[in-house]
Structure formats: C-alpha cells, structure tokens
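*Asks:* curious how this folds, go ahead:
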Amino acid sequence: MAIRKNDNYTVLDCGLLNDARWSWKAKSILAYMLTMLVDWDFYVEELVKHGSDGEKHYRSGVK
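*Replies:* Numbers count the residues shown, from 1 in each chain. You can find the predicted model right below:
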C-alpha cells in the first residue's frame, strides 16, 4: 500500500479503498488515521473525541 503524506493532503493507493475485505467503517477510520502526523499515537478514545459516532462504533471498525 503506497502512502505518502504532505502537509495538506494524504495520498493512498486506491487498492485499499477497493479491497472488499475491508468494511466502509474500517476504510474511513484508516483514511482519517493516515491524515495524522507520523509520530501520532493511536487511541480509540481520540477517535471518539474527533468523530461523530460512539466508542463502540470505532472499536468495531478498528477490530
């Protein structure tokens, strides 16, 4: 999966988004995570703070 991050955008391989093994929820969570800085520590609690869905939603998407 080729991913390159710049200051204002993130580019990712369309193969990831077209992969039927991933749910739409998982794809959107991953896309959001890829916009973070390289040294960003991932916590589900942080996703909940920045998102509009509940903690169960994010935990199931990450799983």
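
*Asks:* flag the shaky bits of this protein, pLDDT-wise.
*Replies:* By pLDDT under 70, the weakly predicted segments of the chain are 1-7.

*Asks:* quick check: longest helix of this protein.
*Replies:* helix 24-33 (DSSP state H).

*Asks:* which positions in that one come out as buried?
*Replies:* 26-27, 29-30 (16 or more other C-beta atoms under 10 Å). All C-beta atoms are positioned from the backbone trio N, CA, C, and that covers glycine.

*Asks:* taking the centroid of the chain, which residue is nearest it?
*Replies:* Leu30 (1.8 Å; C-alpha atoms, centre = their mean).

*Asks:* which ones are touching that one?
*Replies:* Leu30 is in contact with 16, 22, counting by C-beta atoms under 8 Å, 6 or more residues apart in numbering.

*Asks:* excluding sequence neighbours, find me the nearest residue to Ala31.
*Replies:* Distance criterion C-beta to C-beta, 6 or more residues apart in numbering; nearest residue to Ala31, sequence neighbours excluded, is Leu12 at 7.1 Å.

*Asks:* quick one: the one you found and Leu34 touch, right?
*Replies:* Yes - taking C-beta atoms under 8 Å as the definition, Leu12 is a contact partner of Leu34 at 6.2 Å.

*Asks:* backbone phi and psi for the residue nearest to Ala31, please?
*Replies:* The phi and psi values for Leu12, taken as degrees, to the nearest 10, are phi -140, psi 160.
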